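> sharing a model that was predicted from the sequence below.
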Amino acid sequence: MPLRAFLALTVVLAAMPAAGGPAEGPVRVVSMNLCADELVLRLADRAQVLAVTYLARDPRGSTVAAEAAGLPVTRGLTEEVVALRPDLVIAGAFTTRATVGMLKRVGSPVLELGVPADLDGVRAQIRQVATALGHPERGGAMVAELDARLASIVPAARPLRALVMRPNAFTVAPGGLGDALLRTAGLVNVAAEIGRDRFGQVPLEAAILADADLIVVDEGAPGMPSLADTLLHHPVFRALARARKTVSIPNRFWTCPGPQLAEVVARLAAAANAQAPRP
Amino acid sequence: MTAPLRAVAKPGAWRLGTPRARRTVVVVLALAVIALTIASIAIGYAPFDVPAAFVDLVAGKTTLPAMVLWELRVPRALLGGLVGFSLGLTGAAMQGYLRNPLADPGILGISSAAALGAVLAFYGGLAAALSLALPLGGITGAGVAALLLNALAARGSGTLGLILAGVGLSSLAGALTALALNLSPNPYAALEIVFWMMGSLSDRSMDHVLLCLPLMGIGWGLMLSTASALDALTLGEDTAASLGVGLISVQLRLVTGAALAVGSGVAVSGAIGFVGLVVPHLMRPLVGARPGASLLPSGLAGAVLVLAADIGVRLLATRPELKLGVVTALVGAPFLIVLLLRNRGRRA
């Protein structure tokens, strides 16, 4: 019993600056998920950000690599996060689960972000994070920026059938955010017609025989070979690219809520309209 | 696999191990390889009219089915046969030369070393600059391992000593492969350990076939050329030498041949285990105990085994598809245990 009381006291003491924080100063956050990093770095004051993930600095996967430069990073370990004494920890609903569970047990405030399945979910999540950071007006501004950009895009004139091919022959599953972006651009997601395994991986031959009008790929960074990227350079794609239009959109634009999603829609629509102009 | 066995094992038809029986075995196995290659081309994930696609292909029309046939189905079937033949032939040659029933490129660590060589060439960026670097990396790795094992065998370590050395080499090469992949800057690379250690033929291309075919061909030729010398070696090295067998030449041809065949195969398909262990044992009762006589049948049987396993992983409902090494290990590992037990029983 005395031990438990001691532990509880320690935890309370550790949380003291946090408990005192929100009332006086700005909320100071640790982000434990790349998508959370992108929102935090765009919506918070720099002084509010205690740490982001190590992934945020990698320009291949992150759209905020420049903003993340110079900030402390963590690998999502509990001890790293607790030592920073954040007022708020923002985590993904599917990443660093062990740490999130432990933080909740010691009473750290944790905000868990789900994976939005459509643009409305994206807007809601932007507003949610902005509010949690104490800057709801910036969330509103980001949503307005996203909507303005989306409104300026001329969607595909004809509903071309598009196939998204990511490293390892993953595609975007129907019902996800990627699928919503394709629909916003006025395209039809061919993946709905192909048999996928439960992770969204498609056999190459099924992908080719689906006879898509437009192929969307993400070419890996040169000089960093992997079999996963090599698959996108399979000769069958080269042969297909001779007859069909191929457009390259980096993976980092697709997955996280933020203004870059409009960029995906814009590139998709532009490629579709270049392939099949308005009659 | 079982069809030729049953056909040949008919009691009282004729004696096994005669030249006539051997010719029959080779013909039956060759027909099985052809049949399985055709089946492998016809079976896949997306159904399409294969004969029509073939007509398109011959007519030079670039329809989608023709594209899938030529760029995906045909290379996969060809590689299955080529890699299987290499593994079976190498297994038979090594078992004959080392006079060790457990010798196999997988168990002795030659495949793992080849995978390490290929991994270094591929993830180091050499293969991007020069595509031939991939098979050459595999061949270098396999060659170093084969030389090491030969040196060890020459020092007179027994059956078990050689196998244990192979296990050590295999673990070391596997660990270094994992290390190289973890150090590679691409985040996907670390996930690709499974391919290099278990092997797969999915989504390979005609480029891979063209890369490994000539090198494998030379390796096969070198190993098949040692057939009569291997037979002579069963009488002991001194007797063989007195019969005019050049030991150094035989050893050189075998090491080079095994390195070329296994190294270039592993570079395009990953390390597929146990094929070289199993097939020589299955062939010996049919063609007689002479190691030279079992070379060609073992190669063909290896091709049959890998082609059948590759058809199997596509027909099974597991997605993502099983790695080929999983299937061959499921067949081969129990086989290895039985062999070990029988070996012990004989010595006791």
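Perfect, thanks for sending it.
> quick one, phi/psi of the closest residue to B:Leu102 other than its chain neighbours?
Excluding the flanking residues, the one nearest B:Leu102 by C-beta to C-beta, 6 or more residues apart in numbering or on different chains is B:Ile163, at 5.2 Å. Heads up, the C-betas are built off the backbone N, CA and C, glycines and all. With angles defined as degrees, to the nearest 10, B:Ile163 sits at phi -60, psi -40.
> and if you look at A:Pro86?
The phi/psi pair for A:Pro86 (degrees, to the nearest 10) reads phi -80, psi 150.
> A:Val30 is in contact with that one, correct?
Yes: the pair A:Pro86 and A:Val30 qualifies as a contact (C-beta atoms under 8 Å) at a distance of 4.2 Å.
> for these two, indicate the residue with more neighbours.
A:Val30 (29 against 26; other C-beta atoms under 10 Å in any protein chain shown).
> related to what we said a few turns ago, who are the contact partners of the residue nearest to B:Leu102?
Counting by C-beta atoms under 8 Å, 6 or more residues apart in numbering or on different chains, B:Ile163 touches B:Asn100, B:Leu102, B:Ile107, B:Leu108.
> now for those, which pair is the farthest apart?
By the measure C-beta to C-beta, B:Asn100 and B:Ile107 form the most distant pair in these, at 10.0 Å.
> ok, these two, which is more surrounded?
Counting neighbours by other C-beta under 10 Å for B:Asn100 and for B:Ile107 shows that B:Ile107 has the greater number, 25 against 19.
> all strands for the stretch 51-200 of chain A, in order.
Listed from the start of the chain, the stretch 51-200 of chain A has strands (DSSP state E, counting those that start in this stretch) covering A:73-74, A:88-92, A:110-113, A:161-165, A:188-189.
> as JSON lines, these with mean pLDDT would be great.
Formatted as JSON lines, these follow (pLDDT from 0 to 100):
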{"stretch": "strand A:73-74", "mean pLDDT": "94"}
{"stretch": "strand A:88-92", "mean pLDDT": "94"}
{"stretch": "strand A:110-113", "mean pLDDT": "94"}
{"stretch": "strand A:161-165", "mean pLDDT": "91"}
{"stretch": "strand A:188-189", "mean pLDDT": "92"}
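> and those as JSON lines, adding distance to chain B and mean neighbour count?
Shown next, in JSON lines, are the strands of the stretch 51-200 of chain A (distance: least, C-beta to the nearest C-beta, whole Å; neighbours: other C-beta atoms under 10 Å in any protein chain shown):
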{"stretch": "strand A:73-74", "distance to chain B": "16", "mean neighbour count": "18"}
{"stretch": "strand A:88-92", "distance to chain B": "17", "mean neighbour count": "24"}
{"stretch": "strand A:110-113", "distance to chain B": "21", "mean neighbour count": "18"}
{"stretch": "strand A:161-165", "distance to chain B": "12", "mean neighbour count": "25"}
{"stretch": "strand A:188-189", "distance to chain B": "17", "mean neighbour count": "22"}
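> these: which one's closest to B:Thr239?
Closest of the strands of the stretch 51-200 of chain A to B:Thr239 is strand A:161-165, at 61.6 Å (criterion: C-beta to C-beta).
> which other residues reach the closest one?
For strand A:161-165, the external contacting residues (C-beta under 8 Å, 6+ apart) are A:171-172, A:178, A:182, A:187-191, A:207, A:210-217, A:232, A:237, A:268, A:272.
> after the lowest-mean-pLDDT helix or strand in chain B comes which helix or strand?
In chain B, no helix or strand scores lower on mean pLDDT, DSSP states H and E than helix B:2-8, which sits at a mean of 47. As assigned by DSSP states H and E, the chain's next helix or strand after helix B:2-8 is helix B:19-42.
> is that next one anywhere near chain A?
No: Helix B:19-42 stays clear of chain A (C-beta under 8 Å from any C-beta of the partner chain), getting no nearer than 11.5 Å.
> in that helix, which residues are buried?
Under the neighbour-count criterion of 16 or more other C-beta atoms under 10 Å in any protein chain shown, helix B:19-42 has B:21-22, B:24-26, B:28-29, B:32-33, B:36-37, B:40-41 buried.
> great, nothing more from me.
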